[in-house]
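**Q** what shape does this take:
(one chain, ligands or ions: 1)
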Amino acid sequence: MTVKPTVLQELPADLECERLPRHVAVIMDGNGRWAKQRGMPRIMGHRRGVDVLKDLLRCCRDWGIQALTAYAFSTENWGRPSEEVEFLMTLFERVLRQELREMVQENVQIRFVGNLQALPQSLQEEIARSVELTQHNQSIRFTVATNYGGRQEILQACRAIATQVQQGLLQPEQIDEAVFERHLYTAGICDPDLLIRTSGEMRLSNFLLWQMAYAELYVTDTLWPDFDRKAFYQALSAYQQRDRRFGKL
Ligand code: FPP
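**A** Numbering: from 1, shown residues only. Here you go, the predicted model:
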């Protein structure tokens, strides 16, 4: 790993551990701009972005956060130049292969959400292997959204539920939030409490649309490759100052 946690190994003393988010989601934006600012090709920003994500995962585990979800590739990202898409697919596969041993050792459970069937076969195989080998791990739950789209996720849940109704297995009046959630890719994972988006864009970009209903949103101008533990600490400090009312008084 090239990003070294030289600072903030432990939870900063002014953060209250009982008021940490249980689940943090990240939109890792700004890799291309970070590289461009340095006169480097965009892919260098993605490479550096992987190191930042790895340290954030460790940081969440070190500080007692139970779940981290990262938006690695959206259904819209296929529209990027083919060389960049190919680079990203190869990068995901290589990172998974290289990091699997450490994830097993560090007790990380990895999971993927999205339409995985559309990914290259070799990547699908690497995904299946990493999910299987880490499925019983418990230190942190790490979810990677790959070929993920929130609207598509909701549509496929509707289709699956409609099929059950058609087959007489479910009555329309039995469809409630719990039934719906069981048909989402994220079934069994608690909703994010905090969404962090880097590089200043104020958008959800089709990410976890259902699950984000009550998430606190934190947007920082920091570009993803510069998002270090100090920046994460600032996000958590801001989160702890929020008054989460969930629509109540
Ligand atoms: C957005 O920045 C970033 C991405 C589309 C890719 C993010 C992926 C990683 C960091 C790799 C994660 C790897 C694994 C295995 C989970 P951008 O390219 O849109 O940047 P820009 O807005 O500056 O152009």
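
**Q** what does this protein put close to the ligand?
**A** Applying Cβ under 6 Å from any ligand atom, one finds that the chain approaches the ligand through 28-33, 46, 49-50, 53, 70, 72, 77, 92, 95-96, 144, 199. In this view, the C-beta of every residue, glycine as well, is placed from N, C-alpha and C.

**Q** please redo it, this time with the cut-off set to 8 Å
**A** Contacts of the chain with the ligand, taken as Cβ under 8 Å from any ligand atom, map to 27-36, 42, 45-46, 49-50, 52-53, 70-74, 77, 80, 84, 88, 91-92, 95-96, 99, 144, 146, 199, 201, 223-224.

**Q** run through the neighbouring helices and strands of the longest helix seen in the chain.
**A** Using DSSP state H, we find that the single longest helix of the chain is helix 82-105. Helices and strands touching helix 82-105, by 3 or more Cβ pairs under 8 Å, 6 or more residues apart in numbering; DSSP states H and E, are helix 42-63, strand 67-74, helix 121-134, strand 140-148.

**Q** need the winner for burial among these.
**A** Among the helices and strands packed on helix 82-105, strand 140-148 has the highest mean neighbour count (mean count of other Cβ atoms under 10 Å), at a mean of 24.

**Q** what's the angle between that one and helix 121-134?
**A** Calculated by axes from the mean of the first three to the mean of the last three Cα atoms, to 10 degrees, strand 140-148 forms an angle of 160 degrees with helix 121-134.

**Q** which strands and helices sit next to strand 140-148?
**A** Counting by 3+ Cβ pairs under 8 Å, 6+ apart, strand 140-148 packs on helix 42-63, strand 67-74, helix 82-105, strand 108-113.

**Q** so which of those gets nearest residue 11?
**A** Each of the helices and strands packed on strand 140-148 has some distance to residue 11 by Cβ to Cβ; the shortest is helix 42-63, at 4.3 Å.

**Q** looking at this protein, which residue lies furthest from center?
**A** Largest separation from the mean C-alpha position in the chain: residue 168, at 35.6 Å (Cα atoms, centre = their mean).

**Q** apart from its chain neighbours, what residue comes closest to the most centrally placed residue in the chain?
**A** With distances taken as Cα atoms, centre = their mean, the residue of the chain nearest its centroid is residue 70 (1.8 Å). In space, and not counting its chain neighbours, residue 70 is closest to residue 26: 5.2 Å by Cβ to Cβ, 6 or more residues apart in numbering.

**Q** isn't there a strand covering that neighbour?
**A** Yes - assessed with DSSP: H, G, I helix; E, B strand; the rest coil, residue 26 lies in a strand.

**Q** distance check, residue 196 against the ligand.
**A** Separation of residue 196 from the ligand (Cβ to the nearest ligand atom, to the nearest Å) stands at 13 Å.

**Q** now swap in residue 166 and tell me
**A** Counting by Cβ to the nearest ligand atom - residue 166 and the ligand are separated by 37 Å.

**Q** how far away is that residue from residue 130?
**A** 35 Å (Cβ to Cβ, to the nearest Å).

**Q** just residue 49 next, same as before
**A** According to Cβ to Cβ, residue 49 and residue 130 sit 19 Å apart.

**Q** then residue 145?
**A** Counting by Cβ to Cβ, the gap from residue 145 to residue 130 is 15 Å.

**Q** any weak-confidence spans in this structure?
**A** 1-6 (pLDDT under 70).

**Q** cutoff 50 now
**A** 1 (pLDDT under 50).

**Q** how about residue 213, phi and psi?
**A** Phi and psi for residue 213, reported as degrees, to the nearest 10, are phi -50, psi -40.

**Q** that one contacts residue 191, correct?
**A** Yes - using Cβ atoms under 8 Å, residue 213 is in contact with residue 191, at 7.1 Å.

**Q** the more surrounded of the two?
**A** residue 191 (17 against 12; other Cβ atoms under 10 Å).

**Q** so who does the more buried one touch?
**A** 23, 211-215 (Cβ atoms under 8 Å, 6 or more residues apart in numbering).
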